[in-house]
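>>> Dropping a prediction and its sequence here:
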Amino acid sequence: MIMYFLFITILLMFTILWFRYIYKYFKNNCTCAVSLLGKVVIITGANSGIGYHAALEIAAKGGRVILACRNEDKGLAARDRIITATGNSNVVYKHLDLSALDSVRRFANDVIATEDRLDVLINNAGMYGSRVKYTEDGILEGFQVNHFGHFLLTLLLSELLKKSKPSRIINVSSILHYTKLKTSTKS
């Protein structure tokens, strides 16, 4: 029994030290000298989490960042924080609600009308929840926000992306679906 506790303690200490090392090594460790001046980047869900931090880094490298967010107050607050932190005033908020395909079309049309180029599209926004709720388009809300909305956005902006080549499309994913699978299999 003592050996078991000793093993668990050593394993726990090793894990803690490993994570401290990884955190210390990777925290603010981007030493890339690439300039993004003249580049246009759209990030969905950029008012928090990974999207916000990606927008912060891209703005710090001089890129024009379009924060595509559903909540205007949070989007504008994120824009102001990024401008203050980076000094890059070329950060804008545009409304995008992926749970409404009309909103996706309006957003894409606005971008096509106002932007000469689009170098990077980061499909980051997503939702997690087990509610059975359908959108006005008749699609399950989680499926539309996480998949169909981004697919339509990418399709509508594809010509602008091709015109700006070499351009990139980045799809961010999550492992939260494992949590749902684990909890749903227990019942």
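That came in fine, so what should we check first?
>>> per-residue confidence at residue 149?
pLDDT recorded at residue 149 is 94.
>>> what about it, how many neighbours?
27 (other Cβ atoms under 10 Å). C-betas here are computed from N, CA, C, even on glycine.
>>> likewise residue 116?
Around residue 116 there are 8 residues (other Cβ under 10 Å).
>>> Give the helix, strand or coil label for it.
Put simply, residue 116 is coil when judged by DSSP: H, G, I helix; E, B strand; the rest coil.
>>> Doesn't residue 142 belong to a strand?
No - per three-state DSSP, residue 142 lies outside any strand segment and is helix.
>>> Skipping adjacent residues, who's closest to it in space?
residue 127 (5.7 Å; Cβ to Cβ, 6 or more residues apart in numbering).
>>> Kindly report the same for residue 76.
Closest to residue 76 by Cβ to Cβ, 6+ apart is residue 93, at 5.3 Å.
>>> ok, residue 137 to residue 145 distance?
From residue 137 across to residue 145, the span is 11 Å (Cβ to Cβ, to the nearest Å).
>>> More neighbours: those two, which one.
It is residue 145, of residue 137 and residue 145, that has more neighbours when counted by other Cβ under 10 Å, with 24 against 15.
>>> how much space is there between that one and residue 103?
Relative to residue 103, residue 145 is positioned 11 Å away (Cβ to Cβ).
>>> again, but for residue 151
In terms of Cβ to Cβ, residue 151 sits 14 Å off from residue 103.
>>> How about residue 88?
Taking Cβ to Cβ, one finds residue 88 at 26 Å from residue 103.
>>> between the two, who's got more neighbours?
Using other Cβ under 10 Å, the more surrounded residue of residue 88 and residue 103 is residue 88, with 19 against 16.
>>> I appreciate the help and will end here.
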